[in-house]
Structure formats: structure tokens, C-alpha cells
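K.L.:
Build me a structure from this.
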Amino acid sequence: MQIRPEARNVRAKMENFGVILVDTLYPENIGAAARACANFGLRDLLLVRPKNLDEEKMRAMATRGGLPVLERLKVYEDLEEALAPFGYVVGTTARLGRQRKVFETIREAAPRLIDLSQNNRIALVFGNEKWGLTNEDLYHCHTVVTIPTTQQASLNVSQAVIIILYEIFNHVSEVPLKKPKLAVTEELEPMYRLLQETFEALDYVPHDNVTLWMTTIRRFLSRLDLTSQEVRIIQGFCHKLLWHLKKSHTKKQTPSIQ
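P.N.:
Purely as a prediction, here's the structure:
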């Protein structure tokens, strides 16, 4: 008889989530996002290349409750740098298409995010008010979620932040076992660059669009919940394979002595 692990109902550890706004145009949306973070128990709001940091306008929208989040605000010029300490990255988009590779809504993703949040930091990434996240931004995300709306609807970025946090905050999940601590972005990105180098050395990039091909690889590996040790194993394998390929190539080019 198979014994099922004892399950327990758990909620997300909201303090392990961080909201990242990319290329934000209006300071009012930054303030409103800070207020949303405070309402749902998040401490970390990060900005990447914000266009306007008018403090008065941000504070007005944050209200008193969101001011502690604003005071902890961090600003970066590069998305990869902002993502460095996070173990799992969730992109958001309203635009659906072949390159978007969106497979789930935030409500469908919530149970997994609750599970991961018990032992990992999770980034929720939002694009700017006009065009959202670019494909280059989404390249860094483990998964991409959307908020279902009618075709005529258009959500403000701060409204999207509220809805995403609400769905995660209110979902209760049955988690039989705690997920391991995942490798963080600053460990994963060198691995992905090394994997691309290895694929190219093997002439194994069967796609005209290298970025789209590597996005598929990244999403596949992200479902494996890689730990730091497993990342080092993959890197070690790639280094060894590249060394043998280089050695073989050098041997072929060395003329034999008659």
C-alpha cells in the first residue's frame, strides 16, 4: 500500500515575493504599486530604468501604508541585475502570440508559486504602460502568466500588480512536500550562456531565431527546479564537452609529420 505524504493547507509567503517594474513611465503607477505591495505583505519593489521618479507623485499614490515600501525602493539599469537574488521569475503579459509562450493564467500558476515561495524568492515582473515587457525581458523569465480579460479591456500596470498579488495572496494550496531552494538568477544566467555556446559549438541550434530557441530551452529547464549543485553539474558537463570539441578540432588541424 502506498503511503501518501501528509499534506497541509498553506498560503504563499508573501514576504518572499518581489515586484519588478520595467521601464515605468509614470511615477503615480510606482506609488500605486508600492501601496499594493504593502497591502499584500510584500517588502520589495524594484525598478528597472524608470523614466520618472517624481517623489511627490509617488508618495501621493502610495499613501501612508505604502511609504515603507517606497523607502526600500531599489533602482537598476539592467533587468538581469535586478533579478540576480531571485530563484524564480514570473513575467506578465497581455499580448499573446507565438513568441510569448504563455501557457497559464495567474490563477492557474498560483499553486506552484505558493509551493515555491516557502523556500525561494520569487520575482513578479511587469512591463511599462504602453508596450509591456519585450521579448528580451521575457527571455529572463521562468514562466509567463496573463490576466484573462475581454479583447476590449486594458489594464493599467498598477491594476495588474494588484490582481496578480490578490490571486496569489488568496489562494490556498495543499503542499505535501517543501520544494528545495532553487538556484538564483545570478547562477542560472552564466549556465544558459554556456549552454548556448555549447549548442553553437555542436551546430545544434535548429532555429533561425536563436533567442526564441533558447527561450524554449530555458522554459524547459525551469520546470526541473534546478538547484545550485545541479547548475554546477550542467556547467561542468558543458565545459568538459567544449574542451573535447576544441581538442578534437585542434588535432584535425595539426599536420602530420611524414
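K.L.:
who's in contact with Leu47?
P.N.:
Residues in contact with Leu47 (C-beta atoms under 8 Å, 6 or more residues apart in numbering) are 20-21, 24, 30, 53, 73-76. The way it works is simple: take the backbone N, C-alpha and C, and place the C-beta from them, glycine included.
K.L.:
and those, which are buried?
P.N.:
20-21, 24, 30, 73, 76 (16 or more other C-beta atoms under 10 Å).
K.L.:
pLDDT, distance to Arg107 and secondary structure added to those residues, as a markdown table?
P.N.:
Output for the buried ones among the contacts of Leu47, formatted as a markdown table (pLDDT from 0 to 100; distance: C-beta to C-beta, whole Å; DSSP: H, G, I helix; E, B strand; the rest coil):
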| residue | pLDDT | distance to Arg107 | secondary structure |
| --- | --- | --- | --- |
| Ile20 | 98 | 21 | strand |
| Leu21 | 97 | 22 | strand |
| Thr24 | 95 | 25 | coil |
| Ile30 | 97 | 26 | helix |
| Leu73 | 95 | 29 | coil |
| Tyr76 | 96 | 29 | strand |
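K.L.:
Pick out the most distant pair among the residues you listed.
P.N.:
Comparing every pair within the buried ones among the contacts of Leu47 by C-beta to C-beta identifies Ile30 and Tyr76 as the most remote, at 13.8 Å.
K.L.:
Give me the distance between Cys141 and Ala110.
P.N.:
The gap separating Cys141 from Ala110 is 16 Å, by C-beta to C-beta, to the nearest Å.
K.L.:
the more surrounded of those two?
P.N.:
Cys141 (25 against 21; other C-beta atoms under 10 Å).
K.L.:
which SS class is the more buried one?
P.N.:
Three-state call for Cys141 (DSSP: H, G, I helix; E, B strand; the rest coil): coil.
K.L.:
what sits against it?
P.N.:
Here Cys141 is in contact with 89-91, 125 (C-beta under 8 Å, 6+ apart).
K.L.:
try it again with 6 Å
P.N.:
89, 91 (C-beta atoms under 6 Å, 6 or more residues apart in numbering).
K.L.:
likewise Ala84?
P.N.:
Per C-beta under 6 Å, 6+ apart, neighbours of Ala84: 185-186.
K.L.:
Backbone torsions only: list them for it.
P.N.:
Phi and psi for Ala84, reported as degrees, to the nearest 10, are phi -50, psi -50.
K.L.:
before we move on, what about the one 3 residues further on?
P.N.:
With angles defined as degrees, to the nearest 10, Gly87 shows backbone torsions of phi -90, psi -20.
K.L.:
so how many other residues sit close to it?
P.N.:
27.
K.L.:
Roughly how far does it sit from Met191?
P.N.:
Applying C-beta to C-beta to Gly87 and Met191 gives a distance of 14 Å.
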